[in-house]
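Q: Fold the following for me, if possible:
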Amino acid sequence: MDLSAEVRKANRRSVNRLLMAHPLVPVSPPPEPVPGCGECAGLAARRNEARAADDGSAETDADVLLRRHQRRVHEAHSAGTRRVFRYVPYTIVQDPSAEPEYEARCVSGDEADCGAASGPCRSPAGVEEWQRRHTQETRHTRYRRSFADYAVLEPFG
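A: Okay, the predicted model is just below:
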């Protein structure tokens, strides 16, 4: 294999490693100019010139300026797609109207897990009692325990 083939092979490996280490992030499509607006048309032309010159930074700048212009001037045009997010502090609390559930599943066994399960219980004591009985009957000693509840978000303060 000649040197240039080795270099190409090494370059391909490097590019593949980079792509695996930094996956590509999907981006939204570029904004479309509003028909009849000279400023929109000018910014779109600026973007196209940057794209033709392979200047990604200038292309992105033109997209940002076009989006800002559209939000500022063409509010009615983008009203259906614009979203405003406001920070509202919330506290996450257990829903008092719903009972929590406790459950255990036997994961003991020689070749495969036993799979026996306690079923939902209203307290940890019910699960522990099931585990004791199952261990007495089978000599299995390993369990996966689960706790589930319902949570609600309440405005803070």
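Q: and the one helix or strand L65 maps to, what other elements does it pack with?
A: Per DSSP states H and E, L65 falls inside helix 56-73. In terms of contacts (3 or more C-beta pairs under 8 Å, 6 or more residues apart in numbering; DSSP states H and E), helix 56-73 is packed against helix 38-52, helix 75-78. Where you see a C-beta, it was placed from the backbone N, CA and C, and this is true even at glycine.
Q: Let me know which of those is the nearest to P30.
A: helix 38-52 (6.7 Å; C-beta to C-beta).
Q: Please identify the buried residues of that closest one?
A: C40, L43, A44, R46, R47, A50 (16 or more other C-beta atoms under 10 Å).
Q: so after the lowest-mean-pLDDT helix or strand in the chain, what's the next helix or strand?
A: None of the helices or strands of the chain scores lower by mean pLDDT, DSSP states H and E than helix 75-78, at a mean of 57. Remark: after helix 75-78, the chain's next helix or strand is strand 90-94, criterion DSSP H and E.
Q: what's next to that following strand, contact-wise?
A: Outside of strand 90-94, the residues within contact range by C-beta atoms under 8 Å, 6 or more residues apart in numbering are P100, D149, Y150, A151, V152, L153, E154, P155, F156.
Q: How far does it sit from its chain's centre?
A: The gap between where strand 90-94 is centred and where its chain is centred comes out at 22 Å by C-alpha atoms, centre = their mean, to the nearest Å.
Q: shift numbering so it begins at 819
A: I'll keep to 819 as the first residue from here, and by that count the last item is strand 908-912.
Q: show me the contacts for the spatially closest residue to C924 that is not a sequence neighbour.
A: Spatial nearest neighbour of C924, chain neighbours left out: C932 (4.0 Å); criterion: C-beta to C-beta, 6 or more residues apart in numbering. Going by C-beta under 8 Å, 6+ apart, C932 touches C924, V925, S926, T956, H958.
Q: These into JSON lines, with extra columns for secondary structure and distance to S846?
A: Putting these into JSON lines (DSSP: H, G, I helix; E, B strand; the rest coil; distance: C-beta to C-beta, whole Å) gives the following:
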{"residue": "C924", "secondary structure": "strand", "distance to S846": "49"}
{"residue": "V925", "secondary structure": "coil", "distance to S846": "45"}
{"residue": "S926", "secondary structure": "coil", "distance to S846": "51"}
{"residue": "T956", "secondary structure": "helix", "distance to S846": "56"}
{"residue": "H958", "secondary structure": "coil", "distance to S846": "53"}
